[in-house]
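> Provided below for reference: sequence and predicted model.
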Amino acid sequence: MPRIARQKTNDAIFHVMARSISEVDLFKDNQDKACYLDLVKKYQKTYEFRVYGYCLMDNHLHLIIDANGADISRIMHSINFSYAQYFNHRHKRHGHLF
């Protein structure tokens, strides 16, 4: 059974969880975590969303985001796509990360 489509409203606050593919840690060290947070800050300026909380773990992450009218899917795609490019380049790998 497919999942129910995400409800999108202008005043929603989202709990976002992103998980790496099974064999790969999302963050190998503090530099990776710092890069991810830098990307969150970068895209905050672009999409004007608010982050109320975050938790970065080795193989997944949690974000509490007020999208402030922006498309949450576009926000997360921008952050995660940029991070995957950085991660693959830094750790000399290719393919999917999330």
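Okay, I see it. On a predicted model such as this, the values are computed, not experimentally measured, just so you know.

> shaky segments in the protein?
Per-residue confidence for the chain (pLDDT under 70) gives these ranges: 6.

> Quick one: the strands in it, in order.
Counting by DSSP state E, residue ranges of the strands within the chain are 13-19, 50-56, 60-66.

> buried sites along the second one?
It refers to strand 50-56. Using 16 or more other Cβ atoms under 10 Å as the burial criterion, the residues of strand 50-56 that qualify are Leu56. Yep, even glycine has a C-beta here, placed from its N, CA and C like the rest.

> Neighbouring strands - and their directions - for that strand?
Strands that pair with strand 50-56, judged by DSSP bridges, come out as strand 60-66 (antiparallel).

> Now the partner strand: buried residues?
Leu61, Leu63, Ile65.

> again, but for stretch 79-91
Within stretch 79-91, judged by 16+ other Cβ under 10 Å, the buried ones are Ile79, Asn80, Ser82, Tyr83, Ala84, Tyr86, Phe87.

> Same question for stretch 89-98.
Those would be Leu97, Phe98, for stretch 89-98 by 16+ other Cβ under 10 Å.

> With stretch 24-40 instead?
Of the residues in stretch 24-40, those scored as buried under the neighbour-count criterion (16+ other Cβ under 10 Å) are Val24, Leu26, Phe27, Asp32, Lys33, Cys35, Tyr36, Leu39, Val40.

> what about the helices in this protein?
When secondary structure is read from DSSP state H, the chain shows helices at 30-47, 72-90.

> These: which one's closest to Gln7?
With respect to Gln7, and counting by Cβ to Cβ, the nearest of the helices of the chain is helix 72-90 at 10.4 Å.

> who's in contact with that closest one?
By Cβ atoms under 8 Å, 6 or more residues apart in numbering, the list of residues contacting helix 72-90 from outside reads 6, 8, 12, 14, 16, 18, 26, 32, 35-36, 39-40, 42-43, 46-47, 49, 65, 67, 93-98.
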